[in-house]
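Participant: Need coordinates for the following:
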Amino acid sequence: RAALTPILRYAKSLTLVDPYLSSQVSRYFDTVTICSNVMGRRGHARLQGRIHIHAELKHQKPVGKEVADYLDDWEQKLRPLIEADGHRFRVFLWESLSGLEKMHDRFILTDQCGVSVPGGLDCRTHSHANSTDWNLLDEEARRRRLEDYDPAISPFKLLGERVVT
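Facilitator: Down below sits the predicted model:
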């Protein structure tokens, strides 16, 4: 929360990228909740924005459900955040293609800056995510990382998406 607040205070859009993000695993969904809570809190009028979540289908829990069922799970978990914070969400579930780039790197990308988070976006007391070094991306790298998750040009295969408003 302490690290995310200054990054998200003035953000209008946020893209969270972590293959392991899951609506059903609290250590990952806690990060989504914190981001929703602090985004747009500028000390006066709350700025409502858009939050895009990019995760890999094979890491959704519980294992073995259909894409639409995972998207339903995300929608159900995001509804209370929408009511509390007013942001619009869009969830993307991807698949890494054999022989091509793997969905591995983790990022926090806003309309203003990008941050690489190698240890992952999970929240837990004893975790590599707590001790990893966050790195500010230059503008060109921020734009390239966003393009990686544009379905028209992505090196990954989009299996499903859901807008939640």
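
Participant: any idea how far Val32 is from Thr110?
Facilitator: Plainly put, Thr110 is 15 Å away from Val32 if you go by Cβ to Cβ, to the nearest Å. (Each C-beta comes from the backbone N, C-alpha and C, glycine too.)

Participant: These two: which has the busier surroundings?
Facilitator: Val32 (25 against 20; other Cβ atoms under 10 Å).

Participant: roughly how far out does the helix or strand harbouring the more buried one sit from the chain middle?
Facilitator: Assigned by DSSP states H and E, Val32 belongs to helix 26-38. Remark: helix 26-38 is offset 9 Å from the chain centroid, using Cα atoms, centre = their mean, to the nearest Å.

Participant: for that helix, packing partners?
Facilitator: helix 4-8, strand 13-17, strand 50-56, helix 67-85 (3 or more Cβ pairs under 8 Å, 6 or more residues apart in numbering; DSSP states H and E).

Participant: Lowest average pLDDT across these?
Facilitator: Looking at the helices and strands packed on helix 26-38, the lowest mean pLDDT belongs to helix 4-8 (a mean of 94).

Participant: Give the other helices and strands that it contacts.
Facilitator: By 3+ Cβ pairs under 8 Å, 6+ apart, helix 4-8 packs against helix 26-38, strand 107-110.

Participant: Thanks a lot, catch you later.
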